[in-house]
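In: Model the following, please.
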Amino acid sequence: METTQTITTRFVVVNEANIQALFSLITTLGKEQYGHLLTGKQLDAYLVTFTPQQLASDINNFSNQWLMVYAGSEPAGYALITSAGSRPDDLTDKKVKRLAGFGVLQQYADSGCKEALIKKCLQISQSYDALWMHEYTGNPLLPFFEENKFLPTGQQAALDNLPLQGIYLIRRK
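Out: Numbers count the residues shown, from 1 in each chain. Predicted coordinates:
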């Protein structure tokens with residue numbers, strides 16, 4: 001008999017347990033998402049940009065909102081909503097936020113975690129004209145984002161921290 005785990009999404013506050021959980025999620029998701037696309041050296045160069053100290057600083061930055069989704073009591077994924085980043089050309093002079101990070105561990109892919117996490121992200125951003133993201137063109141979550149009304153703009157640019165081609169997606173109000 002299979003038991004259903006409770007899915008919860010919470011804002012991340014700075015404490016040692018949250019920082020360690022978020023750091024572990026980012027590292028594991030980085031390997032899951034990019035390990036097959038990058039050399040070991042490229043992946044290491046990307047992951048070394050994340051440290052517990054840097055994450056604590058980012059969480060305390062008022063421009064950022066970090067979320068973690070839990071399956072039961074286990075951290076299963078995270079999202080980062082921020083005002084930072086080079087926005088797509090057609091969002092100039094608009095009140096927008098960026099979904100700069102979004103991921104759920106593979107073991108929780110079909111658990112409802114990504115749906116709960118995107119729902120919370122959309123609730124947070126509802127007072128803005130748009131929520132945008134810059135994702136690599138081969139991201140397996142692109143159909144999921146499009147199902148949630150994120151539409152590709154056609155504008156492409158290399159990702160900031162990775163040697164991968166990226167595409168902009170926008171979810172307008």
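
In: Excluding sequence neighbours, find me the nearest residue to residue 81.
Out: Nearest non-adjacent residue to residue 81, counting by C-beta to C-beta, 6 or more residues apart in numbering: residue 65, 4.5 Å away. Bear in mind the C-beta positions are built from the backbone N, C-alpha and C, glycine included.

In: That neighbour: how many residues sit nearby?
Out: Per other C-beta atoms under 10 Å, the neighbour tally for residue 65 reads 19.

In: for residue 36, same thing?
Out: 9.

In: And residue 155, by the same measure?
Out: Residue 155, neighbours per other C-beta under 10 Å, totals 14.

In: so where does it fall, helix or strand?
Out: strand 151-158 (DSSP states H and E).

In: So what's the gap between that strand and the chain middle?
Out: 17 Å (C-alpha atoms, centre = their mean, to the nearest Å).

In: Relative to that strand, what are the paired strands and their orientations?
Out: If you go by DSSP bridges, strand 151-158 pairs up with strand 165-172 (antiparallel).

In: For the partner strand, what does the pLDDT average out to?
Out: What strand 165-172 shows for mean pLDDT is 94.

In: same check, this time on stretch 51-65
Out: 94.

In: and the residue nearest to residue 81, that one's in a strand?
Out: Yes - per DSSP: H, G, I helix; E, B strand; the rest coil, residue 65 lies within a strand segment.

In: Quick check: it vs residue 42, distance?
Out: 29 Å (C-beta to C-beta, to the nearest Å).

In: do the same with residue 10
Out: 32 Å.

In: what sits up against the lowest-mean-pLDDT helix or strand in the chain?
Out: Within the chain, confidence by mean pLDDT, DSSP states H and E is lowest for strand 151-158 among all helices and strands, at a mean of 86. The set of residues external to strand 151-158 that reach it, using C-beta atoms under 8 Å, 6 or more residues apart in numbering, is 86, 88-90, 134, 137, 146, 164-172.
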